[in-house]
Structure formats: structure tokens, C-alpha cells
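[1] Predicted model follows, preceded by the sequence.
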Amino acid sequence: MENPVQDRINSYLEDAIGAERNFEKALAAFGNSGEQTEVQTMLSDASDKAKTQHERLEALLVRRGGSPSESKAMLAEMLAFTPLSAQAGQGAAEKNTQHLMVTFAAAAAEMAMYESLATAGAAGGDAELVELAQTLQREELDDYEQVWSILRASAADSFQAELDKGKSPEEVLRPYLEDAIAAEKSFETQLLGFSKEAVHPEVQQMFRQHAEETKEQYRQLTARLEAMGGSTSMLKSLLAHVFNFTPKIAQIGHDAYERQTQNLMMAFAVENAEVAMYECLAEVSAIAGDAATESLARKIQQQEKNTAEKVWGQIAPAANRAMEEVRKKAA
Ligand SMILES: [Fe+2]
Ligand SMILES: [Fe+2]
């Protein structure tokens with residue numbers, strides 16, 4: 001018996017399972033690295049939680065006639081964790097701070113994923129799925145808030161750890177700024193791509209507008225770096241590398257509506273990663289006594305927060321539209 005709506009829901013469930021499995025592994029690795037024990041404990045606990053999450057999703061998938069496979073996980077592919085752990089040249093404490101930023105973005109991505117899953121469940125009349133998706137979303141929100149509550153202290157501690165090695169405040173601050181500049185460069189390109197792929201005019205417009213805003217952020221950050229005597233050649237962004245912007249999702253055969261929803265989820269993760277990045281930049285600038293960089297970081301952070309909110313508002317409508325499309329094709 002053909003049931004395209006159920007098939008689509010099951011493929012979302014498989015995706016979510018794959019993502020949680022991936023996060024379970026990544027968070028366990030994060031918990032084992034660095035030197036900030038409070039951060040490590042929190043990330044290890046989040047790993048244990050991810051395990052129970054994919055187990056609950058697997059149980060539901062089996063009840064819906066599916067079988068958990070090791071295959072594709074769109075979200076897991078979008079958030080590439082491995083290069084981060086392998087990245088060298090950072091202090092042990094800084095690594096912990098970066099892991100917090102990545103986890104913050106991942107928790108945001110998962111909140112978006114469960115928003116879309118709950119929407120699909122509602123469209124398919126599956127109350128049990130809606131309830132599970134909402135429960136898991138609350139758990140992700142809990143991770144998100146926990147990370148936020150210790151992010152600044154972690155950044156301050158990392159900064160101090162580098163000063164203790166004999167570096168000057170400016171020497172420690174500059175890489176943060178360089179990283180932000182490289183991230184903005186990469187995000188601008190990506191936002192333009194999201195805009196082109198968007199089906200709804202308001203989504204298209206939102207992405208284009210933020211691409212322009214991002215370009216301006218890049219310009220202002222670069223001016224700030226130059227004022228500090230730095231140059232933007234050869235910048236590599238750690239944060240931008242967390243996002244794998246060319247996942248293989250296109251070949252799975254998802255339609256344009258599906259793609260739009262995925263881009264929105266990805267964008268929500270990116271904007272939140274930026275919110276965390278600017279929180280750290282503002283904090284270390286404040287400690288370094290660099291008021292100009294601090295206020296620029298706060299100004300840009302507000303733009304990222306506003307964008308994250310706008311993106312969030314588009315996720316459920318986009319997910320709904322994608323499900324309607326499945327129905328139409330089935331009819
Ligand atoms: Fe930005
Ligand atoms: Fe942004």
C-alpha cells in the first residue's frame with residue numbers, strides 16, 4: 001500500500017535519528033577534549049541525552065513501519081563536526097569554548113529540525129509524533145540554554161589562559177576577529193545561495209536582505225581589524241568550517257520546497273552560531289579593554305538575533321508547504 005505522506009514522515013524520522021546518532025558521537029568527543037571540566041561534563045551529558053533521543057525516535061519509526069538505517073542524515077551532513085576536533089593551533093581552553101559554540105549551533109539546528117518534524121506529524125495527523133517532536137525540541141532548548149549560561153565564562157577563561165602563556169591581549173583578540181571576518185565572508189555567499197533556492201518570495205527577500213547586511217558586517221569587521229594593524233589575507237574560519245554548505249542532499253531527490261525548509265534549518269543554525277561567536281568576541285574585547293570592537297560585536301550580534309527570529313518564523317510554514325507538495329503528488 002502506497003502512502004507517500006507516511007513515507008515522507010518516516011524519512012524525516014530517519015534523518016532525525018541519523019542526526020542524533022551523529023551528535024551523540026560528536027558530543028562524546030567534545031566531552032573528552034580540552035581542560036574546562038564544567039564544559040566537558042555538560043557536553044558529555046548532552047551526548048547521553050542524544051542517545052536516548054535517537055532511541056525514542058527509533059522506537060516510533062518501528063511502530064510506523066520503518067526501520068532505522070545507517071543511511072543519510074541531512075542535518076548531520078550539514079554540520080560537519082570532525083574537522084573541528086582535528087583543528088590544531090588552538091589552546092586547550094579555547095577548544096572548549098569552540099565546542100560550546102558548535103553545540104549551541106547544533107542545538108539550534110535540532111530545535112529547527114523538530115519544528116519541521118512536528119509540522120510534518122501534524123500534517124499527517126500523527127499526534128504521537130507531534131508530542132515526541134515537541135518533547136525533544138524542549139530538550140534541545142534545555143541544552144541550548146545550558147550552553148549559553150556558561151559560554152561567556154568559558155570565553156573569559158580561554159582568554160586568560162592565553163594571556164597566561166605570555167601573549168598580549170591584542171594577540172589573543174585578533175584571531176577572534178579574523179575568524180568572524182572569514183565566517184561572514186562564507187555566510188554572505190551562502191545566504192545568496194539560499195535566496196536563489198527559496199520558493200517563497202518572503203524567504204527569498206529575507207535571505208537577500210541578510211546577505212547585504214552580512215556584507216556590511218564583513219566590511220566593518222575588516223576595518224576594525226585593519227585599525228588594529230591586522231590584515232585579512234589568508235584567513236581561515238573555524239566556524240564557517242563547521243557548516244558543510246555542499247551536502248549531498250540535492251541528490252536525494254527532494255523537491256524545491258523541501259530544499260527551502262532545509263536551508264531555513266541550516267540558516268537558523270548559522271545565525272545562532274554567529275550569536276554565540278559575537279558573544280565570545282564581545283566578552284574577550286571587553287576584557288582586552290577594546291571598547292570599539294566590543295560595541296561592534298554587540299551591534300552585529302543584534303542583527304544576527306533578529307535574523308534568527310525571522311528565520312524561525314518561516315520554518316513551520318515552509319515545512320507545511322513541503323508536506324502539501326507530497327500530498328499533491330500523491331493525489
Ligand atoms: Fe553575520
Ligand atoms: Fe547572520
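    Looks like it arrived, so ask away. Ligands and ions are numbered 1, 2, ... in the order given.
[2] List phi and psi for the closest residue in space to Glu38 that isn't next to it in sequence.
    Counting by CB to CB, 6 or more residues apart in numbering, Ile150 is the residue found nearest to Glu38 once chain neighbours are left out, at 6.2 Å. For every residue, glycine as well, the C-beta is placed using N, CA and C. Main-chain dihedrals, Ile150, degrees, to the nearest 10: phi -120, psi 0.
[3] List the contacts of Ile150.
    Counting by CB atoms under 8 Å, 6 or more residues apart in numbering, Ile150 touches Glu38, Val39, Met42, Leu100.
[4] Give me the buried entries from these.
    Among the contacts of Ile150, those buried by neighbour count (16 or more other CB atoms under 10 Å) are Val39, Met42, Leu100.
[5] which residues are contacting stretch 90-98?
    Among residues not part of stretch 90-98, those counted as contacts by CB under 8 Å, 6+ apart are 33-36, 39-40, 84, 151, 154-155, 157-158, 161-162, 165, 238, 280.
[6] what about dumping the CA coordinates of that stretch to PDB?
    Once non-C-alpha atoms are left out, stretch 90-98 reads as follows in PDB (Å, rounded to 0.1, in the frame of the first residue of the first chain):
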ATOM      1  CA  GLN A  90      44.300  26.400  19.500                       C
ATOM      2  CA  GLY A  91      44.700  26.400  23.200                       C
ATOM      3  CA  ALA A  92      43.000  23.600  25.100                       C
ATOM      4  CA  ALA A  93      40.600  26.000  26.800                       C
ATOM      5  CA  GLU A  94      39.800  27.700  23.500                       C
ATOM      6  CA  LYS A  95      38.900  24.400  22.200                       C
ATOM      7  CA  ASN A  96      36.300  24.000  24.900                       C
ATOM      8  CA  THR A  97      34.800  27.500  24.000                       C
ATOM      9  CA  GLN A  98      34.600  26.500  20.400                       C
END
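[7] how many neighbours does Val130 have?
    18 (other CB atoms under 10 Å).
[8] picking that back up, which ones among the contacts of stretch 90-98 are found in helices?
    Filtering the contacts of stretch 90-98 for membership in helices, criterion DSSP state H, returns Val39, Gln40, Leu84, Leu151, Ser154, Ala155, Asp157, Ser158, Ala161, Glu162, Leu238, Cys280.
[9] how about CSV for those, with pLDDT added?
    Formatted as CSV, those follow (pLDDT from 0 to 100):
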residue, pLDDT
Val39, 92
Gln40, 94
Leu84, 56
Leu151, 97
Ser154, 96
Ala155, 95
Asp157, 94
Ser158, 93
Ala161, 93
Glu162, 91
Leu238, 68
Cys280, 95
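[10] Any regions of the stretch 151-300 of the chain where pLDDT drops low?
    232-238, 244-254 (pLDDT under 70).
[11] how about the strands in the stretch 51-200 of the chain?
    Using DSSP state E, counting those that start in this stretch, the strands of the stretch 51-200 of the chain do not appear at all; there are none.
[12] Phe159 is in contact with Val172, correct?
    Yes - Val172 is within contact range of Phe159, at 5.8 Å (criterion: CB atoms under 8 Å).
[13] These two - which one has more neighbours?
    More crowded of Val172 and Phe159, by other CB under 10 Å: Phe159, with 26 against 21.
[14] For the more buried one, which residues are in contact?
    Applying CB under 8 Å, 6+ apart, we find Phe159 in contact with Val172, Glu283, Val284, Ile287, Ala288.
[15] Looking at those residues, which two lie furthest apart in space?
    The span of the contacts of Phe159, defined through CB to CB, is set by Val172 and Glu283 at 12.0 Å.
[16] Return the set of buried residues in the longest helix anywhere in the chain.
    In terms of residue count, the longest helix belonging to the chain (DSSP H) is helix 291-330. Neighbour counts over helix 291-330 (16+ other CB under 10 Å) mark 293-294, 296-297, 300-301, 303-304, 307-308, 310-312, 314-323, 325-326 as buried.
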